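Student: Sequence below, structure please.
(chains A and B)
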Amino acid sequence: MRSALSKAEIESNIAARFGDAFKLHEKVAKETLSTGIDEVDDLTGGLPRGAITEMFGPRSSGRTSLIYSALAYATAHEEICALVDTNDVFAPTAATAAGIDFDRLLWVRCAANLEQAFKATDLLLHAGGFGLVILDIGDVAGKEARRIISSWWYRFRRTVEDRPTALMVISEEACTRSCAALTLELHGSGEWLRTRVTHGNLLRFNSVKVNRCRPLMATFNESQFRAQAVS
Amino acid sequence: MFACIYSENVPPDLSLTDFAYAFSPIVEETKDRTVVIDIDGCELLFGSAYQLANEVARRAKQAKASGGLDTTVNVAIAANPDVAIHAATRLPGITFVSAGEELTCIGEFPVEQLAYELVGIEKKEAEEIFETLRLWGVATFDDFATLPVTGVSERLGQAGVRLQQLAAGKTERHLQVKQPEPVFANSLELDHPLTELEPLSFIFARLLHQLCAALNAHALSTNGLQVQLQLEDQTVHERRLSLPYPMRDHKVFLKLLLLDIEMHPPQAAVKSVFLACEPVKPRVVQHGLFVPLAPAPDKLELTLARLAKLVGEENIGSPALLDTHRPDAFMLKRFVLPAKAKNRETAGKSQQCLGLRMFRPPLRAVVETDDGCPTQISAWGKQRSVYGKVVQLAGPWRTTGDWWRDDGWARDEWDVALVSSSRTSSEPSGIYRIYRRLDSEMWFVEGNYD
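Tutor: Predicted coordinates:
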């Protein structure tokens, strides 16, 4: 009893200075932004706003196609989007075919400078008002991506959590550690080896796996967590 | 009370308006050689209205050097500015018209002398009315003023009624005060040249604060800021900030200006600073209830300026395709928030499309071929490498263009699926777009389908 009183006393004394830091905040279901691909949306519920979504996979696993699809959906629904392109790999000609409205897309090219990319992302997140911010480090080598200090990811998670912005990180290997609210692992399927490669049929043969979700996405049951969707 | 000053012989190098400002700050430049001033509240300076009129006439006779006009002026004082104008233009010297006794002073003036432009009537319409009045036998202001208003309205319309009120000295209007043209520019000469940005920022802050206060006073904003720094080496460092949206927040201007100066620093110490802006109407936007949030324009501009400083101005913006078939032809244009949402029906339909990751610059590749078709690819670059055995391929697609220019292109493109030789055959290492330049027979890896 005494300890409970003391705790309440201490909390009331420092409340003026630290606000409601001791209050347990109820986690509410986050709003989501569609990826534009029904199968992925069915599996994940969409990209959570105010949180980080990590999407990783090897080359030709469909990461960029998913970016295009998400950007096309978001810009068509009047969201302002930003793409931080670390290795300058964005292809406007291919993106046009995906239906991305360039008037609503801010493209930041970082000339393979990882530090610049993270600083640019931080600036964009602090500006607020963006519906979707994509940090593309998909061409950064795995060992280099793993060396990114955790404080960047914690900083991003803290910055976006009260904003209607969905932050999407594209990488070759998982690197956001525990900071991502949703992690998608993409696998390039060998299926496309058995068919003729033409422009546009790659996506059909790639698989998406929801690797891990934090509790705030706990609207899915266990079987959905483990599900693999092959569209 | 109002005083009208009229002179027929104002020297061309002198201004009657400037002369009138010596007596009252509220001056209407009614016509050429006629000004009206509001003399309410001038008693402490000049005494009674009659004393003020005498002072005006006396000073007007003084020489130019003494602030006079070197001529005689007519001065009329009345409770109604239009009565004062009529009296001053018709009666020489000083005239004082008491309130309520206007017609005793101006009643005998011929009705054709009515200054119809004061009540917004065109010359042709006024002449028609004067002709009608002449046919009726109405010759003077007094005759016209005593006509029944209803009858005048029925026969001459509202224009006739307004003219009748003018003749009776019963018009009600405010003086159209001549305002000096606002100047949205500011400058400061420094005692000592400044070499560092921090002290300069205080100068900018002060000048911008004054500029924005002037804009605020006139309910205006600006979308362009001009900065001229006079340097110690006798050159001028000039910068111009153009904003996509009108703003008047001096803090935002200061941050934008400092970022710009940091990116484009002057080559020598700064001796003087000049700031100017172009005033425009403020931006008025009605947002929709169901439209998603967008970045605040001022915050967005600051963010773009900071990003430009971070990655370079040429590396930030909205992509735009160029009107050419040249591969990977695009430009970056300034990112501006779209003013109007596109119609959802007409907006680009989202469609699943194969993503392509461009390799800029393309990777020089060594390609083994069999009957012209690639079979083995090896390409190494600083950031990435591509190598493996070709297990699937599509192509070639030949593209050529701009052959009449030095930078023309001609190439055969292939899409290839590679399997790394170090892996098992079932594990793919990716699909790539490769091309062979027709002029040099060199192979390149252009990008990776993802």
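Student: Taking chain A, what residue is nearest to chain B?
Tutor: Across chain A, no residue is closer to chain B than A:T64, which sits at 2.8 Å (Cβ to the nearest Cβ). All C-beta atoms are positioned from the backbone trio N, CA, C, and that covers glycine.
Student: ok, now which ones touch that residue?
Tutor: A:T64 makes contacts with A:V89, A:G138, A:I170, B:G355, B:L356, B:R357, B:D450, as judged by Cβ atoms under 8 Å, 6 or more residues apart in numbering or on different chains.
Student: any idea which helix or strand carries it?
Tutor: helix A:63-76 (DSSP states H and E).
Student: tally of neighbours for the nearest residue to the residue of chain A closest to chain B once chain neighbours are set aside?
Tutor: On the basis of Cβ to Cβ, 6 or more residues apart in numbering or on different chains, the spatially nearest residue to A:T64 that is not a chain neighbour turns out to be B:G355, at 2.8 Å. Neighbours of B:G355 under the rule other Cβ atoms under 10 Å in any protein chain shown: 27.
Student: Could you do the one 4 residues further on as well?
Tutor: Neighbour count of B:F359, defined by other Cβ under 10 Å: 22.
Student: so it touches A:V89, yeah?
Tutor: Yes: at 7.3 Å, B:F359 counts as touching A:V89 under the criterion of Cβ atoms under 8 Å.
Student: Show me the common contact partners of those two, please.
Tutor: For the pair B:F359 and A:V89, residues contacting each of them under the criterion Cβ under 8 Å, 6+ apart are B:G447.
Student: Please name the bridge partners of A:T53.
Tutor: Here A:T53 sits in beta bridges with A:M168, A:L182, going by DSSP bridges.
Student: related to what we said a few turns ago, nearest to B:G151 among the contacts of A:T64?
Tutor: Of all those, B:G355 has the smallest distance to B:G151: 84.8 Å, by Cβ to Cβ.
Student: and the gap between the closest one and A:L132?
Tutor: Look at B:G355 and A:L132: by Cβ to Cβ, to the nearest Å, they are 16 Å apart.
Student: ok, now B:P25?
Tutor: From B:P25 over to A:L132 the distance is 57 Å, taken as Cβ to Cβ.
Student: Could you do B:V419 as well?
Tutor: Distance of B:V419 to A:L132, given as Cβ to Cβ: 35 Å.
Student: So between those two, which is more surrounded?
Tutor: A:L132 (26 against 20).
Student: Next up, the contacts around that one.
Tutor: A:L33, A:L47, A:A70, A:L71, A:A74, A:E79, A:C81, A:A82, A:T165, A:A166, A:M168.
Student: rerun that using 7 Å as the cut-off
Tutor: For A:L132, the contacting residues are A:L33, A:A70, A:L71, A:A74, A:E79, A:C81, A:A166, A:M168, taking Cβ atoms under 7 Å, 6 or more residues apart in numbering or on different chains as the criterion.
Student: same deal with B:A185?
Tutor: In this structure, B:A185 makes contact with B:L275, B:A276, judged by Cβ under 7 Å, 6+ apart.
Student: Can you tell me how far it is from B:F274?
Tutor: When Cβ to Cβ is the yardstick, B:A185 and B:F274 sit 7 Å from each other.
Student: and what of A:F130?
Tutor: The gap separating A:F130 from B:F274 is 37 Å, by Cβ to Cβ.
Student: More neighbours: those two, which one.
Tutor: Taking other Cβ under 10 Å, A:F130 and B:F274 do not tie; A:F130 has more neighbours (28 against 17).
Student: In which helix or strand does that one reside?
Tutor: With DSSP H and E as the test, A:F130 turns up in no helix or strand.
Student: No further questions, thank you.
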